[in-house]
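the following comprises the amino acid sequence and a computationally predicted model.
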Amino acid sequence: MRRKFLARRTKGEVVFDIVNTIIMIVICFMMLYPVWYTLVNSLNDGTDAMLGGIYWWPRVFSLDSYKAVFADSKIFRAFGVSFFRTIIGTVVHVFFTSMVAYGLSKRYLMGRKYFMAMGTVTLFFSGGLIPTFLLYRSLGLLDRFVVYIIPAMFNFYNLLIFQAFFREIPDALEESAKIDGANDFYIFFKIIIPLSKPVLATIALFTGVYHWNDYFAGVIFINNPDLQPIQTFLYRVIAETTSVHMLQNMPAGIRTTSVTSHTIRLATMIVTTAPVICVYPFLQKYFVKGMLLGSIKG
Amino acid sequence: MGVKSTASNNATIFCNSKRFFRKLKEQKYLYMMVIPGIIWMLIFNYIPMYGIIIAFKDYNIISSFFEAPWAGLKHFSDFFKDDWFPIIMKNTVGISLLKLVFGFPLPIIFALFLNEIRNSTFKRTVQTISYLPHFLSWVVLGGIMITWLSESGMINELLVNMGILDKPVAFLGEPKYFWWIATISDIWKGLGWNSIIYLAAISGVDVELYESAIVDGAGRFRRMWSITLPSISGTIAILFILAVSGLLNSNFDQILVLRNSLNASSSEVIDIFVYRMGIQSARFSYATAVGLFKSVIALMLLLLANWVTRKLTGKSLF
């Protein structure tokens, strides 16, 4: 059927296809170019980059900005915070939220209706920034690493996604384990978790990206510069210095002619982004699925 | 189910409570999974909701939510009288409306046209590339914007070289550009990602509809307009409701990066104001009142959009 229609493409159709393809290529270009621009400028000699005009390729190639980034102990530390936050935060979130979701996915659980209602309210209404801030303060979470982990360990929306997935698993598998005397924890860890890899990967990816990209928590809840994640560090370098001409913010000692604060910023941006860019094409199929799983519920 | 109803037929209160404890024992492991989550929600969702009462109190750092003296609606009337009030309302609604008017239809159009690409490898590649900005943080995107839009940045270089501008303009230093910068960068980040749901909805459309349309001589645009678009109208309606309810939700992460003291008159939005008043100036009660004002309007907008969409299209969120 399809082939026949393809063969009968009119002239108008051909023009449409060509124009459409060009539009798509332009869109791809617009999505990629800003990152490319940042990359080639960060790979250029700092002083030379000040002259501008570097659009496609480094004019005076130099890796000095990257050396400076990796030599700076503050940046290195911030990367460490981000790294641990992402690993620990993601593992804790996926484990905790999926466990609660599994318990709540059992329709016969007493009081389930009330628990679900309680969670649904949180989707539409929240206490807002200030009461949350005051709560963290009185819990002693401010300026502690755990402020990244504990408040982000659970999310009702993700719980719904987990639940939608757990529902698809045939009951027979669990029942036979139950007859053998397995308790719910055993079933969850030994049967459900191994069967749920796609949804676990999806939520892990979303959570991981959230943790890696979040700078808000570092701005609001953290004062200690040693506990800043890389995004917050970058935020302070980028945004808070724009009106004061963004110079002089990088630690002294690495400011030579081949490196400027400008190229260091760009290099930091690239290093910050690199892990995400490297990972995401491979996980694409997971997050597309996850989006759809979520949208059914949402 | 049947067992349960016959059991409760001749149940006394005593029996009921016995049954309750028996069930509790049966389900104890499930409860051990669920209860930590409930406790988490009580602490991290419900205590802050309770904390909203400080919007009606004079809270200071020493007292607790309880002890603070009542202040009635003072903080709300202070907010409405604040010199910033008209400015932040204008900015919040203005930026959000721009994002809604341009940012909402574009992913739909993108999905419609991407769907018309025949080569599936090319289609997948375009999709993958278009998601990329979604995975970059606002700090990095903001950093790129700031670099490009600065007086020595690329945009100025190009515009001056082409003779469009006489001399470089600090785009982020001029309030009049801010709304557009926020809108365009938002669209850029979300275009591909927001199209995922529409693409999925489109892929569910019955192929036979297209085939009979082709037989009837319908062209590409005609098919997009008369088959694809109506087929995904339910998805569009639901996402529209959500978009409208988020009208006062200016993107905090985005605005915080792009704002500076020079563009404050067009970048100060409710969320930023709450942050400045509450966290930076420690006016907790006042900031909470402003935040509550926002949440209540958002909830009302959600209900209103839901109602209007149901009346118009027969489809709604709830």
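Structure received. None of the values given here were measured: they were computed from a predicted structure. Numbering: from 1, shown residues only, chains lettered A, B, ... in the order given.

can you give me the distance of the most centrally placed residue in chain A to residue A:86?
Among the residues of chain A, the one closest to the centroid is residue A:209, at 1.3 Å (C-alpha atoms, centre = their mean). Relative to residue A:86, residue A:209 is positioned 9 Å away (criterion: C-beta to C-beta, to the nearest Å). Backbone N, C-alpha and C define where each C-beta goes, glycine included.

what domains does the record give for chain B?
B:2-56, B:78-313 (automatic domain parsing).

again but with chain A, I slipped
Taken from automatic domain parsing, chain A resolves into A:2-70+A:250-287, A:73-225.

and for residue B:221, the neighbour number?
12 (other C-beta atoms under 10 Å in any protein chain shown).

element containing residue 147?
Let's take chain A. helix A:146-149 (DSSP states H and E).

that's the wrong chain, I wanted chain B
Per DSSP H and E: helix B:138-149 holds residue B:147.

same question for stretch B:122-133, mean pLDDT?
Mean per-residue pLDDT for stretch B:122-133: 90.

run through who's touching it.
Contact partners of stretch B:122-133, identified using C-beta atoms under 8 Å, 6 or more residues apart in numbering or on different chains, comprise A:21, A:24, A:27-28, A:31-32, A:35, A:277, A:280-281, A:284, B:110, B:114, B:117, B:141, B:188-193, B:195-196, B:199.

and that stretch, what's buried?
Across stretch B:122-133, burial judged by 16 or more other C-beta atoms under 10 Å in any protein chain shown covers B:123, B:126-133.

OK, contacts around the closest residue to chain B within the stretch 101-250 of chain A?
Nearest residue of the stretch 101-250 of chain A to chain B: residue A:127, at 2.5 Å (C-beta to the nearest C-beta). By C-beta under 8 Å, 6+ apart, residue A:127 lies in contact with A:135, B:45, B:47-52.

also residue B:46?
Residue B:46 touches residue A:118, counting by C-beta under 8 Å, 6+ apart.

give me the mean pLDDT for stretch A:21-32.
On average, stretch A:21-32 scores 95.

what about residue A:32, how many neighbours?
14.

kindly report the same for residue B:77.
So residue B:77, with other C-beta under 10 Å, has 11 neighbours.

same check on residue A:168?
10.

for the residue of the stretch 201-318 of chain B found nearest chain A, which non-adjacent residue is closest in space?
Nearest residue of the stretch 201-318 of chain B to chain A: residue B:291, at 3.6 Å (C-beta to the nearest C-beta). Nearest non-adjacent residue to residue B:291, counting by C-beta to C-beta, 6 or more residues apart in numbering or on different chains: residue A:128, 3.6 Å away.

ok, that neighbour touching residue B:292?
Yes - at 6.7 Å, residue A:128 counts as touching residue B:292 under the criterion of C-beta atoms under 8 Å.

shared neighbours of these two, anything?
residue B:52.

now the helix or strand encompassing residue B:181: buried residues?
Assigned by DSSP H and E, residue B:181 belongs to helix B:175-203. Buried residues in helix B:175-203, counted by 16+ other C-beta under 10 Å: B:177-179, B:181-202.

repeat for stretch A:196-210
Buried residues in stretch A:196-210, defined by neighbour count with 16+ other C-beta under 10 Å: A:196, A:199-210.

now do stretch B:271-291
When burial is assessed from 16+ other C-beta under 10 Å, stretch B:271-291 yields the following buried residues: B:271-275, B:277-279, B:283-291.

what about the helix or strand containing residue A:278 and chain B, touching?
Residue A:278 belongs to helix A:261-279 when assigned by DSSP H and E. Yes - part of helix A:261-279 sits near chain B under the criterion C-beta under 8 Å from any C-beta of the partner chain, namely A:262, A:265-266, A:269, A:272-273, A:276-277.

and that helix, what does it pack onto?
helix A:11-42, helix A:46-49, helix A:64-71, helix A:197-213, helix A:230-238, helix B:138-149 (3 or more C-beta pairs under 8 Å, 6 or more residues apart in numbering or on different chains; DSSP states H and E).

could you check the angle the fifth one makes with helix A:261-279?
Which is helix A:230-238. 150 degrees (axes from the mean of the first three to the mean of the last three C-alpha atoms, to 10 degrees).

what inclination does whichever helix or strand comes after the helix holding residue A:147 have with respect to helix A:197-213?
Heading C-terminal from helix A:146-149, the first helix or strand you meet, by DSSP H and E, is helix A:156-168. Interaxial angle, helix A:156-168 versus helix A:197-213 (the same axes, to 10 degrees): 170 degrees.

so, low pLDDT: which residues of chain A?
Across chain A, the ranges flagged by pLDDT under 70 are A:1-9, A:239-258, A:287, A:289-298.

give me the nearest residue to residue B:92, chain neighbours excluded.
Closest to residue B:92 by C-beta to C-beta, 6+ apart is residue B:269, at 4.3 Å.

which SS state does residue A:282 fall under?
coil (DSSP: H, G, I helix; E, B strand; the rest coil).

got it, and residue B:249?
Relying on three-state DSSP, one would call residue B:249 coil.

just checking, what packs against the helix holding residue A:147?
helix A:73-105.

chain center to the helix it packs on, what's the gap?
11 Å (C-alpha atoms, centre = their mean, to the nearest Å).

quick one: list the elements packing against that helix.
helix A:112-124, helix A:146-149, helix A:156-168, helix A:197-213, helix A:230-238, helix B:28-41.

and the helix or strand just after the last one, which residues are buried?
This points to helix B:28-41. Tracing the chain past helix B:28-41, the next element assigned as helix or strand by DSSP H and E is helix B:47-51. Under the neighbour-count criterion of 16+ other C-beta under 10 Å, helix B:47-51 has B:47-49, B:51 buried.

can I get these in CSV with pLDDT and distance to chain A?
CSV is the format used below for the buried residues of helix B:47-51 (pLDDT from 0 to 100; distance: C-beta to the nearest C-beta, whole Å):
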residue, pLDDT, distance to chain A
B:47, 95, 5
B:48, 94, 3
B:49, 94, 5
B:51, 91, 3
